[in-house]
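J.: What shape does this take:
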Amino acid sequence: MRYEVVIKKKAFQGMRNLPRNALMVLRSLLLDLENGPVQPKYMNYSKLEESKYHCHLAYHWVACWECREGKMIVEVYYVGSRESAPYARH
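T.: Here you go, the predicted model:
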C-alpha cells in the first residue's frame with residue numbers, strides 16, 4: 001500500500017530556499033515516503049517522537065515529517081535550515 005504524502009504550506013515555502021543538491025535529495029525523499037515514514041537510508045535520519053521523523057537533505061538543510069498511527073498519510077511539516085528546525089535547541 002502507498003502512503004499519501006502531504007506537504008504543509010510552511011514546508012513548501014521552505015523548499016524555495018533549498019540549494020539544488022538538497023532539493024534533489026528532498027525529491028527522492030518525497031517519493032520514498034510513499035512507501036512509509038521510516039527512511040533510515042537518509043543522512044542523519046532519526047525518530048524525533050512517537051510519530052515524528054527527520055533527516056538531513058544536506059549539511060545545513062533538513063526535512064521533518066510525521067505519520068499518525070493508523071493513517072496512511074505522511075505529512076511533511078518542515079523543510080529548511082537545521083538551525084531553525086522545530087526540534088533545534090535554542
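
J.: Show me where this protein has its helices.
T.: Using DSSP state H, the helices of the chain run over 9-15, 20-33.

J.: packing partners for the longest one?
T.: Looking back up the chat, that one is helix 20-33. Judged by 3 or more CB pairs under 8 Å, 6 or more residues apart in numbering; DSSP states H and E, the packing partners of helix 20-33 are strand 4-7, strand 52-58, strand 61-66, strand 73-81. (Glycine included, C-beta is placed from N, CA and C.)

J.: What lies in contact with the third one?
T.: When you say that, I think you mean strand 61-66. With contacts defined as CB atoms under 8 Å, 6 or more residues apart in numbering, strand 61-66 is touched by 11, 18-19, 22, 26, 29, 33, 37, 44, 48, 51-57, 74-82, 85-87.

J.: got any ranges where the protein has weak pLDDT?
T.: Applying pLDDT under 70 to the chain flags residues 88-90.

J.: Which of the helices and strands packed on helix 20-33 has the highest mean neighbour count?
T.: Burial of these is given as mean neighbour count (mean count of other CB atoms under 10 Å); strand 61-66 ranks first at a mean of 24.

J.: That strand pairs with which strands?
T.: The pairing partners recorded for strand 61-66 under DSSP bridges are strand 52-58 (antiparallel), strand 73-81 (antiparallel).

J.: CA-only coordinates of the last one in PDB, if you can.
T.: The reference is to strand 73-81. Extracted C-alpha coordinates of strand 73-81, given in PDB (Å, rounded to 0.1, in the frame of the first residue of the first chain):
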ATOM      1  CA  ILE A  73      -0.700   9.800   5.300                       C
ATOM      2  CA  VAL A  74       2.800  11.200   5.800                       C
ATOM      3  CA  GLU A  75       2.800  14.900   6.400                       C
ATOM      4  CA  VAL A  76       6.000  16.900   5.700                       C
ATOM      5  CA  TYR A  77       5.700  19.800   8.200                       C
ATOM      6  CA  TYR A  78       9.200  21.400   7.900                       C
ATOM      7  CA  VAL A  79      11.800  21.900   5.200                       C
ATOM      8  CA  GLY A  80      14.600  24.400   5.900                       C
ATOM      9  CA  SER A  81      17.700  25.100   7.800                       C
END
